[in-house]
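*Asks:* curious how this folds, go ahead:
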Amino acid sequence: MTRSCPRWFPHRLPHRFLHRFPHRFPRRSFAAVSGAALLLALALGGCSFTRPPPVKATFLLAPTFPEKVAKTQPGALRVGIVNVAGPFRDRSFVVRVGDLRYETDYYHEYVTPPAPMIAEATSRALSRAHVFAHVAAPGTPGQADYVLDGFVTALYADQRARGACKAVIVISYYLSQADTGSGVPFWSQDYRRDTPCTSDSAESFASALNTGLSEILAKLSTDLASAELPKAQ
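*Replies:* As a prediction, this is how the structure comes out:
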């Protein structure tokens with residue numbers, strides 16, 4: 001993965017403009033301009049030779065939670081560990097610009113790494129939908145009959161087609177019994193959403209990503225509510 005500016009950056013200049021900017025000044029002209037600039041900076045005073053740090057825009061994963069399901073499963077569920085695949089687990093947005101080429105966006109990022117946000121959103125969605133009699137948030141103490149883990153295999157902005165950005169999110173969930181200690185899941189399901197963005201902006205990508213995550217959590221809720229579960233031990 002490389003670190004560069006995705007299409008939503010206005011300061012990316014097309015190649016046809018690059019010839020307008022000379023690679024370097026002639027040696028004498030450069031010295032004269034540099035000296036004049038230095039004298040001006042000293043005359044003004046209070047100016048710093050260091051650049052101010054770039055301003056980053058931060059975004060939150062805040063999906064809409066589903067409605068209450070028709071049937072509530074007995075027992076208690078604990079949302080366990082939600083991991084994110086290596087290329088997508090950091091805070092920076094990831095942009096797919098080719099079949100095998102991805103770029104990280106230095107200027108737009110998540111408020112926190114996505115894994116804890118997705119785990120928290122999963123817990124709150126299942127609790128709001130009353131999928132189980134009780135749903136414990138990640139990291140909270142207490143007994144549980146079932147444990148739900150997750151793995152995010154994709155989380156990026158697909159910009160391979162110009163003007164047709166999509167927010168891609170792929171999550172696999174695994175449900176196991178808490179008391180067995182084996183951690184072997186008896187139920188699993190994969191979810192994928194490719195949600196079109198309204199524009200190539202980072203704001204549009206974040207909104208589309210939240211829409212996709214909302215749809216996944218709604219489907220997860222109905223799937224778990226209708227699943228045949230082994231009796232809690």
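*Asks:* least confident secondary structure element in the protein?
*Replies:* helix 27-44 (a mean of 46; mean pLDDT, DSSP states H and E).
*Asks:* and the most centrally placed residue in the chain, how far from residue 206?
*Replies:* Centroid-nearest residue in the chain: residue 114, 5.1 Å away (criterion: CA atoms, centre = their mean). Distance, residue 114 to residue 206, using CB to CB, to the nearest Å: 11 Å. C-beta here means a position set from N, CA and C on the backbone, and glycine is covered the same way.
*Asks:* please parse this structure into its domains.
*Replies:* Following automatic domain parsing, one gets these domains for the chain: 15-44, 57-226.
*Asks:* of all these, which lies closest to residue 51?
*Replies:* domain 15-44 (13.5 Å; CB to CB).
*Asks:* would CSV of the domains of the chain with distance to residue 232 be doable?
*Replies:* Formatted as CSV, the domains of the chain follow (distance: least, CB to CB, whole Å):
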stretch, distance to residue 232
domain 15-44, 63
domain 57-226, 4
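*Asks:* single out the most deeply packed of these.
*Replies:* domain 57-226 (a mean of 17; mean count of other CB atoms under 10 Å).
*Asks:* and for stretch 144-152, what's in contact with it?
*Replies:* 75-85, 88, 114-115, 118-119, 122, 126, 132, 136, 169-179, 183, 185, 224, 229, 232-233 (CB atoms under 8 Å, 6 or more residues apart in numbering).
*Asks:* and with 7 Å instead?
*Replies:* The contact list for stretch 144-152 (CB atoms under 7 Å, 6 or more residues apart in numbering) reads 75-85, 88, 114, 118, 122, 136, 170-178, 232.
*Asks:* residue 105 and residue 224, how far apart?
*Replies:* In terms of CB to CB, residue 105 sits 34 Å off from residue 224.
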